[in-house]
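**Student:** below: sequence and its predicted model.
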Amino acid sequence: MGTLDELLERFTPEERDEIEGLTATWVALTELNRLREEQHISQRQMAGMLGVSQSRISRLERAEDLHLSTLRRYVETLGGRLRVEAVFPGDRVVRLSAPVRGASN
């Protein structure tokens, strides 16, 4: 079967970048799910706080419905702040996230 590195070598650099991005998204959403559970908030309760359906929370946590606006509200409901950055060649970073509502940054 080989190692993960050997398996990834079969993909183009673009495909490896996409795999890396999807993996990072899955890890981040898994961590958000864990944070929600640590605060003893059910998906149904989170849905009520955000004014969305429980199934939408489930889809978000499985990265099936990843709208940034919903993700931002989800993170803020847990007490966090969402930051989105685009990284370009030469390590140029452009921050894309909007300020948190009601906060003065």
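**Tutor:** That came in fine, so what should we check first?

**Student:** in the chain, where is pLDDT below threshold?
**Tutor:** Of all residues in the chain, those with pLDDT under 70 make up the ranges 1, 64-65, 97-105.

**Student:** how about the helices in it?
**Tutor:** For the chain, the helices defined by DSSP state H cover 4-8, 13-38, 43-50, 54-61, 68-77.

**Student:** buried residues in the last one?
**Tutor:** Along helix 68-77, these residues count as buried under the neighbour rule (16 or more other C-beta atoms under 10 Å): Thr70, Leu71, Arg72, Arg73, Tyr74, Val75, Glu76. C-beta here means a position set from N, CA and C on the backbone, and glycine is covered the same way.

**Student:** which of these lies closest to Arg95?
**Tutor:** Here the nearest of those to Arg95, counting by C-beta to C-beta, is Arg72; it sits at 13.6 Å.

**Student:** turn the helices of the chain into a markdown table, columns for distance to Val84.
**Tutor:** As requested, the helices of the chain are arranged in a markdown table below (distance: least, C-beta to C-beta, whole Å):
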| stretch | distance to Val84 |
| --- | --- |
| helix 4-8 | 26 |
| helix 13-38 | 11 |
| helix 43-50 | 18 |
| helix 54-61 | 15 |
| helix 68-77 | 7 |
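
**Student:** quick one: closest of those to Asp91.
**Tutor:** Between Asp91 and the helices of the chain, the shortest separation by C-beta to C-beta is 15.0 Å, and it involves helix 13-38.

**Student:** so which of the buried residues of helix 68-77 comes closest to Met46?
**Tutor:** Distance ranking of the buried residues of helix 68-77 against Met46, using C-beta to C-beta, places Tyr74 first at 7.0 Å.

**Student:** next one: the closest one from Ala24, what distance?
**Tutor:** Remark: distance between Tyr74 and Ala24 (C-beta to C-beta, to the nearest Å) = 17 Å.
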